[in-house]
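**Q** Only the shape, not the letters, is given here:
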C-alpha cells in the first residue's frame with residue numbers, strides 16, 4: 001500500500017496492483033471506450049476477468065460520452081460492480097481537465113447513489129488516451145477530495161495503479177492536494 005489520506009471521512013488509498021483483483025472493494029472503475037467494448041489496458045483486463053457477460057451487460061448502455069459513467073454487475077470479478085467511465089482523449093476532448101474531473105465525480109456519485117462503501121479507480125485517461133500522468137493525477141485527487149463531503153455511503157476510495165511510476169506520481173499529487 002502506498003500513501004493514504006482522510007478527506008471528510010473518506011479514506012483515500014494509493015496502491016500498485018491489478019484493478020481486476022480487488023476483493024475488498026464494492027465497485028471497480030473501468031477506463032472504458034465510448035462503446036464499452038473490451039479493449040486493451042484496464043478495459044481489456046476487466047473484461048477478461050469478468051467474462052463475456054460483462055460485454056453483454058454493457059451493450060444497452062453504449063455509447064457514452066467523455067465524463068459519463070454507467071454501472072453494471074461485476075460478474076466473475078471479485079468486486080460486485082463495474083462503473084464504466086469514459087475519460088477524455090487528451091488534446092481532442094475539451095475541456096480535458098473538466099471532463100476528467102466529471103469522470104471521477106460522476107463515478108463517485110453513482111457509487112454513492114447505489115449505497116456502495118468502496119470504489120477503486122485506475123489512472124483514467126493516463127494510458128492510451130494520452131493524458132499526462134501528473135496532470136491526470138492532480139485532477140483525480142483534487143476531484144476525489146472535493147467530492148468527498150458530498151458522499152453518504154462511500155467511505156473508501158482506492159487508486160489501483162499499474163506501475164511504480166504511476167504510484168509515485170499519484171503520491172506526489174496527493175501530497176500537493178492535501179499539503
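**A** Sure thing, it's come through. Please read these numbers as outputs of a predicted model, since none were measured by experiment.

**Q** how about the residue nearest the centre of the chain, what does it touch?
**A** Closest to where the C-alpha atoms of the chain average out (C-alpha atoms, centre = their mean) is residue 121, at 2.8 Å. With contacts defined as C-beta atoms under 8 Å, 6 or more residues apart in numbering, residue 121 is in contact with 29, 104, 107, 140, 157-160. Where C-beta positions appear, they are placed from N, C-alpha and C, glycine not excepted.

**Q** now, which of the residues you listed lie within helices?
**A** Secondary structure assignment by DSSP state H places 104, 107, 140 of the contacts of residue 121 in helices.

**Q** So how do I select the buried members of those residues in ChimeraX?
**A** In ChimeraX, a selection of the buried entries from the ones in helices among the contacts of residue 121 looks like this (16 or more other C-beta atoms under 10 Å):
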select :104,107,140
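
**Q** Show me which of the ones in helices among the contacts of residue 121 is closest to residue 22.
**A** For residue 22, the closest of the ones in helices among the contacts of residue 121 turns out to be residue 107, at 14.4 Å, with distances computed as C-beta to C-beta.

**Q** Quick check: buried residues in the helix or strand where residue 147 lies?
**A** Applying DSSP states H and E as the criterion places residue 147 in helix 133-147. The neighbour-count criterion (16+ other C-beta under 10 Å) identifies 133, 135-145, 147 as the buried residues of helix 133-147.

**Q** low-scoring stretches of the chain, by residue?
**A** Under the criterion of pLDDT under 70, the regions of the chain flagged as low confidence span 1.

**Q** now the strands for it?
**A** Using DSSP state E, the strands of the chain run over residues 4-7, 10-16, 27-31, 69-73, 81-85, 118-121, 156-161.

**Q** Packing partners of the fifth one?
**A** The helices and strands touching strand 81-85, judged by 3 or more C-beta pairs under 8 Å, 6 or more residues apart in numbering; DSSP states H and E, are strand 27-31, strand 69-73, helix 96-113.

**Q** ok, and which of these has the densest surroundings?
**A** Counting by mean count of other C-beta atoms under 10 Å, strand 27-31 has the highest mean neighbour count of these, with a mean of 29.

**Q** That one: partners in the sheet, and parallel or antiparallel?
**A** Strand pairing for strand 27-31, using DSSP bridges, gives strand 81-85 (parallel), strand 118-121 (parallel).

**Q** Name the residues that touch that strand?
**A** Outside of strand 27-31, the residues that reach it under the criterion C-beta under 8 Å, 6+ apart are 19-20, 22, 36, 41-43, 46, 69, 71, 74, 77, 79-85, 87, 107, 111, 114, 116, 118-125, 127, 129, 160.
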